[in-house]
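Trainee: Quick one, structure for this:
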Amino acid sequence: MSRSSLAFVVVTLLTVAGTSLYSQGQSQNQLPSPARSRSDEMLDRWNDIGNKFIAMAQDFPEDKYDFKVQKDERTFAQNLLHAAALDFVLIRRVSGSNLGPDFGEGDNPSRDVFKTKADVVKFVQEAVADGAQVIQQQGDAGLDNTSKFFGNRLAHNSSIWTFAIEHSGEHYGQLVVYYRANNLVPPDSRRDQGQPAQQPPAARVVDLKAADGTILKASYFAAAKPGPGVLLFHQSNRTRKSWDDVATQLAVAGINTLTLDLRGFGESGGTRSGRLTDGDIDTALQYLVSQPGVKRDVIGVGGAGWLGVMGSVDVARQHPAEVKSLVLLSGETLQDGLQFLRQASQLPGLFVVADDDEYPPTVEAMGWLYINSSSPGKKFVHYSAAQDAPWIWYETSDASKVPANGGHGTDMFNVHPELPGIIVDWLVTTLIKTPGHAPADALASAATLNQLWTSEGVARVTQQLMEARRRDPQVQLWPEVNVDIIGADHLREGESERKAGQLREAKIQINAAIEIFKLNLLAYPDSADAHFNLADAYLKDGQKDLARQYAEKALAMLDSHAAPLSSWSDTEQRRGEIRRGVQEVLEKLNAAR
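Mentor: All right, here's what the predicted structure looks like:
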């Protein structure tokens, strides 16, 4: 069984049992998802070509910006400027406003105005972002409206947007030729070839106009290729800049990130409040999802302190279809937020707190948040200290009364330098690798795991799994390795009882192991490890045909390398250990013939 190095301790937690979604792919029999709105589809097309233009503008060498194949053509930079300028001309007609910078008359801005590569890149970025915002704000109804088009005629806005996208596509093709003429590979083609991704540009500082006209200052960290988005909110004694390092790492990892100075904080206008307004939440989220390349239905939200945590939960509560992951540091939420967490069994959450947090009882508040979250995919990071910090004053009242000691919110990054990496890894897992899903966590699954020690536990848990699978065929309610360990404990106990001559008790323990291993295989059918465990248990029970069946299946899976060994380990050492175990089972079966 090769489990001697593993031990299992049953932990009884005050957790709320729930359902976690851990997706490894869509069911082949699943019906196609319904069509999105026409404006959403138009926004996708706009952002697709726009993101390609931005990537080219950022990637092409500046010393070649004035390159052209023939003397009567536009240069590389002039192509970019012309395409972006025509976009602005059309955006202004559709929106009825004078969006964008002043670039003179017509649609061929002079290089004297946009002298550097940085100037050109910014101009292209603004055109794509402003167009995306107009499409989103006007929605489907806006596509049916008419605006003045070329030739002094009216045209439906849908036709105008389509013309702009096609026009950009034509110039994109021209720029591909410029790339090839310089023996360069366009960024989009490099992604297709699996070449290293381009590093994202520096953060772009943006002004967001709230519903009441207040200007909120934000920083946008764009990824180098299309991907999910993340909103990050600061704590009451910090500003958006406290998230800069994490935001940069997220952009490098392929996640577009927006950090925001909350109303009345940092560089944002307005009066401070104890909670983000719904309008400010919508302003920030709408800006993020309108950016080129942002997958608007795969959004993560993170926050620190009272304001950041409450704001993050509010975003998830108000936009459950879009928000796929939470990161909560050193804060709490009110009753509506707690009720949402109890119901949002599909939402993975990372909860982080330190004992030396200078605003007690933050540790207890974060523990309460964790307990109320109903997802087995949740994770709790708790930094221990010899003693808790003393209570001095409230976080949201007067930060100057409480000296910072590195235990609260984003201040923990300096004391615990591994924490930014934990956050980035969590968001990459829950937004890129398995969007909206996290591997089931042992502590979060304790209520389910503890049932397996009761007489009817396996049957109850099987029923729970089947009910959950009807909602999502890929759902996982527990970590594979924990149920492996429980089954192995029963098997070892059965062997001990057999050696002691207690054959009836041995039979009970081995049968229990078989049922537990069958349950785990039901949950993790692609695991060679789970097949081996069941083969070993059947061998010890004398069921030779079944032992051979599962051992041969495990060996075939190992040889194919079609899937990892198990959900928790796929090292060569572990694969070798399981292979030896499988071969030992088969040798015993062959010797018994």
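Trainee: Could you tell me which residues within the longest helix anywhere in the chain count as buried?
Mentor: Residue-count comparison of every helix in the chain, with assignments taken from DSSP state H, identifies helix 117-144 as the longest. Buried positions in helix 117-144, judged by neighbour count with 16 or more other CB atoms under 10 Å: 117, 119-136, 138, 142-143. No exception for glycine: its C-beta is placed from N, CA and C like everyone else's.
Trainee: If you count neighbours, what's buried in whichever strand or helix holds K507?
Mentor: Using DSSP states H and E, K507 sits in helix 503-523. Of all the residues in helix 503-523, those buried under the rule 16+ other CB under 10 Å are 506, 509-510, 512-521, 523.
Trainee: Also stretch 364-373?
Mentor: Of the residues in stretch 364-373, those buried under the neighbour-count criterion (16+ other CB under 10 Å) are A365, M366, G367, W368, L369, Y370, I371, N372, S373.
Trainee: which regions of this structure sit below the pLDDT cut-off?
Mentor: 1-33, 191-201 (pLDDT under 70).
Trainee: can you list contacts of stretch 36-52?
Mentor: 35, 124, 127-128, 131-132, 135-136, 138-140, 142-143, 158, 161-162, 164-165, 168-169, 172, 187-188, 225-226, 290-294, 296 (CB atoms under 8 Å, 6 or more residues apart in numbering).
Trainee: So the most far-flung residue of the chain relative to its centre versus A344, what's the distance?
Mentor: Computed with CA atoms, centre = their mean, the maximum C-alpha offset from the centroid of the chain is found at G501, amounting to 53.7 Å. The gap separating G501 from A344 is 53 Å, by CB to CB, to the nearest Å.
Trainee: Tell me how this protein divides into domains.
Mentor: As recorded under automatic domain parsing, the domains making up the chain are 38-192, 210-433, 446-591.
Trainee: hey, where'd the strands end up in the stretch 251-400 of the chain?
Mentor: In order along the chain, the stretch 251-400 of the chain carries the following strands (DSSP state E, counting those that start in this stretch): 256-260, 294-304, 323-329, 349-354, 379-383.
Trainee: So for Q286, which of these sits nearest?
Mentor: For those, the distance to Q286 is smallest for strand 294-304, at 9.4 Å, taking CB to CB.
Trainee: circling back: make a markdown table out of the strands of the stretch 251-400 of the chain and add distance to A389 and mean neighbour count.
Mentor: Formatted as a markdown table, the entries for the strands of the stretch 251-400 of the chain read as follows, by distance: least, CB to CB, whole Å; neighbours: other CB atoms under 10 Å:
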| stretch | distance to A389 | mean neighbour count |
| --- | --- | --- |
| strand 256-260 | 27 | 28 |
| strand 294-304 | 16 | 26 |
| strand 323-329 | 16 | 27 |
| strand 349-354 | 9 | 25 |
| strand 379-383 | 12 | 18 |
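Trainee: Include distance to K209 when you put the ones you listed into TSV, please.
Mentor: Supplementary listing: these in TSV, determined by distance: least, CB to CB, whole Å:
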stretch	distance to K209
strand 256-260	13
strand 294-304	19
strand 323-329	23
strand 349-354	31
strand 379-383	36
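Trainee: nearest to G270, of the ones you listed?
Mentor: Put simply, out of the strands of the stretch 251-400 of the chain the one that sits nearest G270 is strand 256-260, at 12.2 Å, with distance taken as CB to CB.
Trainee: so what does the closest one touch, helix or strand wise?
Mentor: Secondary structure elements in contact with strand 256-260, counted by 3 or more CB pairs under 8 Å, 6 or more residues apart in numbering; DSSP states H and E, are strand 215-221, strand 227-233, helix 244-252, helix 278-290.
Trainee: What strands line up against that strand, and which way round?
Mentor: Here the strand partners of strand 256-260, with direction, are listed using DSSP bridges: strand 215-221 (antiparallel), strand 227-233 (parallel).
Trainee: Looking at the ones you listed, which one is packed in the most?
Mentor: With neighbours taken as mean count of other CB atoms under 10 Å, these reach their highest mean count in strand 227-233, at a mean of 27.
Trainee: which of the residues in stretch 384-403 are buried?
Mentor: Of the residues in stretch 384-403, those buried under the neighbour-count criterion (16+ other CB under 10 Å) are D388, A389, E395, T396, A399, V402.
Trainee: Dump that stretch to PDB, keeping only the CA atoms.
Mentor: What follows is the C-alpha trace of stretch 384-403 in PDB, where atoms were taken according to Å, rounded to 0.1, in the frame of the first residue of the first chain:
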ATOM      1  CA  SER A 384       0.800  32.400  14.000                       C
ATOM      2  CA  ALA A 385       2.500  34.600  16.600                       C
ATOM      3  CA  ALA A 386       3.500  34.100  20.200                       C
ATOM      4  CA  GLN A 387       0.700  36.400  21.300                       C
ATOM      5  CA  ASP A 388      -2.000  38.500  19.700                       C
ATOM      6  CA  ALA A 389      -1.600  42.200  19.200                       C
ATOM      7  CA  PRO A 390      -3.400  44.400  21.800                       C
ATOM      8  CA  TRP A 391      -6.600  46.300  20.900                       C
ATOM      9  CA  ILE A 392      -5.800  50.000  20.600                       C
ATOM     10  CA  TRP A 393      -8.300  51.500  18.200                       C
ATOM     11  CA  TYR A 394     -10.600  50.800  15.200                       C
ATOM     12  CA  GLU A 395      -9.200  50.400  11.700                       C
ATOM     13  CA  THR A 396     -11.700  52.600   9.900                       C
ATOM     14  CA  SER A 397     -11.700  55.500  12.400                       C
ATOM     15  CA  ASP A 398      -8.200  57.000  12.700                       C
ATOM     16  CA  ALA A 399      -5.300  55.000  11.400                       C
ATOM     17  CA  SER A 400      -2.700  57.300  13.000                       C
ATOM     18  CA  LYS A 401      -3.800  56.000  16.500                       C
ATOM     19  CA  VAL A 402      -2.500  52.500  15.700                       C
ATOM     20  CA  PRO A 403       1.200  52.000  14.700                       C
END
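Trainee: who touches it?
Mentor: Taking contacts as CB under 8 Å, 6+ apart, the residues outside stretch 384-403 that touch it are 235-237, 274, 305-307, 354-361, 363, 405, 407-408.
Trainee: Give me the most central residue, this protein.
Mentor: L431 (1.8 Å).
Trainee: distance of it from F150?
Mentor: Distance from L431 to F150, by CB to CB: 41 Å.
Trainee: Over to L99?
Mentor: L99 is 19 Å from F150, where distance means CB to CB.
Trainee: Please apply the same query to Q474.
Mentor: When distance is defined by CB to CB, Q474 is 50 Å away from F150.
Trainee: just to revisit the earlier point, what's downstream of the longest helix of the chain, the next helix or strand?
Mentor: The C-terminal neighbour of helix 117-144 among helices and strands, as given by DSSP H and E, is strand 146-149.
Trainee: List the buried residues of that next one.
Mentor: Buried residues in strand 146-149, counting neighbours by 16+ other CB under 10 Å, are found at S147, F149.
Trainee: Direction included, what does it pair against?
Mentor: Strand 146-149 is paired, per DSSP bridges, with strand 153-156 (antiparallel).
Trainee: Turn the helices and strands packed on strand 256-260 into TSV, columns for distance to V323.
Mentor: Putting those into TSV (distance: least, CB to CB, whole Å) gives the following:
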stretch	distance to V323
strand 215-221	18
strand 227-233	9
helix 244-252	15
helix 278-290	9
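Trainee: Identify whichever of these lies nearest to P348.
Mentor: With CB to CB as the criterion, P348 lies closest to strand 227-233 of these, at 13.4 Å.
Trainee: which outside residues touch that closest one?
Mentor: Residues outside strand 227-233 that contact it (CB under 8 Å, 6+ apart) are 240, 243, 246-247, 250, 254-260, 262, 276, 284-285, 288-289, 291, 293-296, 298-304, 307-308, 311-312, 315, 324, 427, 431-432, 435.
Trainee: ok now it, how far from the chain's centre?
Mentor: In terms of CA atoms, centre = their mean, to the nearest Å, the gap separating the centre of strand 227-233 from the centre of its chain is 9 Å.
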